[in-house]
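*Asks:* sequence and computational prediction follow.
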Amino acid sequence: MATRFGDYQSEIYLHGLAGTKPPFTTDLAALEEEAAARLPEDGFGYVAGGAGSGATMRANREAFDRWKIVPRMLAEATDRDLTTTVLGDELPAPVLLAPIGAQTIVHPDGELATARAAASLGLPMILSTVSSHSVEAIAEAGGSRWFQLYWPSDAEVCASILGRARNAGYTALVVTLDTWTMGWRPRDLDRAYVPFLNGEGLAIPFSDPVFRSRLAKSPEEDLPAAMLAWMSMFTGTDFGWHQLSLLRELWSGPIVLKGVQHADDARRAVDAGMDGIVVSNHGGRQVDGALAALDALPTIAGAVGDRIEVLFDSGVRTGADVIKALALGAKAVLYGRPYAYGLGLAGEDGVRHVLRCLLAELYITLGLAGYRTPSELSPSLLRRG
Ligand SMILES: Cc1cc2nc3c(=O)[nH]c(=O)nc-3n(C[C@H](O)[C@H](O)[C@H](O)COP(=O)(O)O)c2cc1C
Ligand SMILES: CCCCC(=O)C(=O)O
């Protein structure tokens, strides 16, 4: 059923009459500044950081800014319907929560708070393999859940983790291809900080019986040894396209490849029988100097959009950004850093506020641009400028 997400606007104004303000800014493009001022440096720095000089992270935003929406008038767009179906999941809007690892670094409730906020709005959450809570604990929040895989070299550990995710009701599998090893990230290197060095984000392997069977001592007894075992199993891996069939044997639901940036790789995903791709450069955290994800999108959508579900992330901040990504060929977007800032600023309520701002801005901007549904969006409503 269609939801009038724009109601958040009137709700905020009405609360204003009663003397209550929103928990923090409604300007999603300015959220990072507020988070920078109020969150602890380590957690904020890890979320905000990018690879190398930050060129790709900046390019992601510049690409959005180069496209302009050309609004149409008297378009009878009062009643909007943002609902869309992605891989069998009926979404109230074309938005999913991108997998973000180790969320307790910004708030002690971490992914539990995020899962509750997402469930309260009916948006699917994609749970990261490097989560601070187990797949089973997150499942208790309810709502639609997908699972993101960092593909471990140990096949039995992989089978165990995927089996747990499936049993806990995760429907689609998102396999991240672009982070088989961590990019060069000066912001973290300068502080010699990554969450995993403190054991943060390792709840899934640490609670996994098969992973634990690989250790001489449990993570509770010898944390550094368990972290080293995780690192050697989950990073620096060496998989090729032909091995995707292994995952197909382990996962009966839809499989989506995340981190596709070249049309030939998108075609290979189709040839490998995958159900979807996420056009993404991991928010500019992996290959510094890589092209903006939005600039990769039209070519890829043109090459495979009729054969595979094309999703998008990297740089989406506002409702207008969602419209641009959809117009350029995405079926839905993954929303990333902004909700992590919301989590850090105000826990579950903070995530909900950020998501409601995005959905309201999308709903309002779509109507003001003269459109009623995501399916009406096409490149013709944009100009380069
Ligand atoms: C702090 C942080 C942690 C992330 N962890 C993961 C992860 O565990 N798995 C994954 O596939 N992507 C991960 N990503 C990438 C996001 O899923 C997404 O691709 C990226 O945030 C998009 O860029 P944007 O947030 O600038 O829009 C992470 C991103 C950030 C900022
Ligand atoms: C091995 C990296 C896991 C987290 C991640 O994807 C990120 O920080 O971007």
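*Replies:* Good, I have the coordinates. Numbering: from 1, shown residues only. Ligands and ions are numbered 1, 2, ... in the order given.
*Asks:* quick one: the longest helix anywhere in the chain near ligand 2?
*Replies:* Across the chain, the longest stretch assigned as helix under DSSP state H is helix 337-369. No: residues of helix 337-369 contacting ligand 2 under C-beta under 6 Å from any ligand atom: none, with a closest distance of 10.3 Å. Heads up, the C-betas are built off the backbone N, CA and C, glycines and all.
*Asks:* so which bits of that helix are buried?
*Replies:* Under the neighbour-count criterion of 16 or more other C-beta atoms under 10 Å, helix 337-369 has 337-367, 369 buried.
*Asks:* what does the stretch 101-250 of the chain put close to ligand 1?
*Replies:* So the stretch 101-250 of the chain meets ligand 1 at 101, 128, 130, 148, 176 (C-beta under 6 Å from any ligand atom).
*Asks:* enumerate every residue touching the residue nearest the centre of the chain.
*Replies:* Nearest to the mean C-alpha position of the chain, by C-alpha atoms, centre = their mean, lies residue 98 at 1.1 Å. Applying C-beta atoms under 8 Å, 6 or more residues apart in numbering, one finds that residue 98 lies in contact with 126, 313, 334, 335, 336.
*Asks:* now pLDDT, distance to residue 38 and neighbour count too, for those, in JSON lines please.
*Replies:* Formatted as JSON lines, the contacts of residue 98 follow (pLDDT from 0 to 100; distance: C-beta to C-beta, whole Å; neighbours: other C-beta atoms under 10 Å):
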{"residue": "126", "pLDDT": "99", "distance to residue 38": "26", "neighbour count": "26"}
{"residue": "313", "pLDDT": "99", "distance to residue 38": "25", "neighbour count": "27"}
{"residue": "334", "pLDDT": "99", "distance to residue 38": "25", "neighbour count": "27"}
{"residue": "335", "pLDDT": "99", "distance to residue 38": "20", "neighbour count": "25"}
{"residue": "336", "pLDDT": "98", "distance to residue 38": "19", "neighbour count": "21"}
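*Asks:* so which of these is the closest to ligand 2?
*Replies:* Distance to ligand 2, by C-beta to the nearest ligand atom, is smallest for residue 336 among the contacts of residue 98, at 9.4 Å.
*Asks:* please, which helix or strand holds residue 58?
*Replies:* helix 55-66 (DSSP states H and E).
*Asks:* correction: residue 146
*Replies:* Here residue 146 is assigned to strand 145-149, by DSSP H and E.
*Asks:* the residues of the stretch 101-250 of the chain next to ligand 1 also near ligand 2: which ones?
*Replies:* 101, 130.
*Asks:* ok, residues contacting the helix holding residue 58?
*Replies:* Residues contacting helix 55-66 (C-beta under 8 Å, 6+ apart): 50-51, 281, 283-285, 287-295, 314-317, 321, 324, 384-385.
*Asks:* what about 7 Å?
*Replies:* 50, 281, 283-284, 287-295, 314-315, 321, 324, 384 (C-beta atoms under 7 Å, 6 or more residues apart in numbering).
*Asks:* can you put the contacts of residue 98 in CSV and add secondary structure?
*Replies:* Shown next, in CSV, are the contacts of residue 98 (DSSP: H, G, I helix; E, B strand; the rest coil):
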residue, secondary structure
126, strand
313, coil
334, strand
335, strand
336, coil
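*Asks:* tell me the one of these nearest residue 255?
*Replies:* The closest of those to residue 255 turns out to be residue 126 (C-beta to C-beta; 12.9 Å).
*Asks:* spit out the contact partners of that closest one.
*Replies:* 96, 97, 98, 99, 146, 148, 174, 334 are the contacts of residue 126 under C-beta under 7 Å, 6+ apart.
*Asks:* same check, this time on residue 177
*Replies:* Counting by C-beta under 7 Å, 6+ apart, residue 177 has contacts 257, 258, 259.
*Asks:* in this structure the first one contacts residue 274, no?
*Replies:* Yes: checked against C-beta atoms under 7 Å, the pair residue 257 and residue 274 is within contact range at 5.5 Å.
*Asks:* who has more neighbours out of the two?
*Replies:* Higher neighbour count among residue 257 and residue 274: residue 257, with 26 against 23, using other C-beta atoms under 10 Å.
*Asks:* what pairs with the more buried one across the strands?
*Replies:* Taking DSSP bridges as the rule, residue 257 bridges to residue 175, residue 277.
*Asks:* I'd like the distance between it and residue 312.
*Replies:* 13 Å (C-beta to C-beta, to the nearest Å).
*Asks:* any idea of the mean pLDDT in the strand holding residue 146?
*Replies:* Average pLDDT, strand 145-149: 98.
*Asks:* same deal with stretch 84-96?
*Replies:* Mean predicted confidence for stretch 84-96 is 97.
*Asks:* can you give me the neighbour number for the residue in the stretch 251-385 of the chain that ligand 2 sits nearest to?
*Replies:* Residue nearest to ligand 2 within the stretch 251-385 of the chain (C-beta to the nearest ligand atom): residue 285, separated by 4.5 Å. By the criterion of other C-beta under 10 Å, residue 285 has 26 neighbours.
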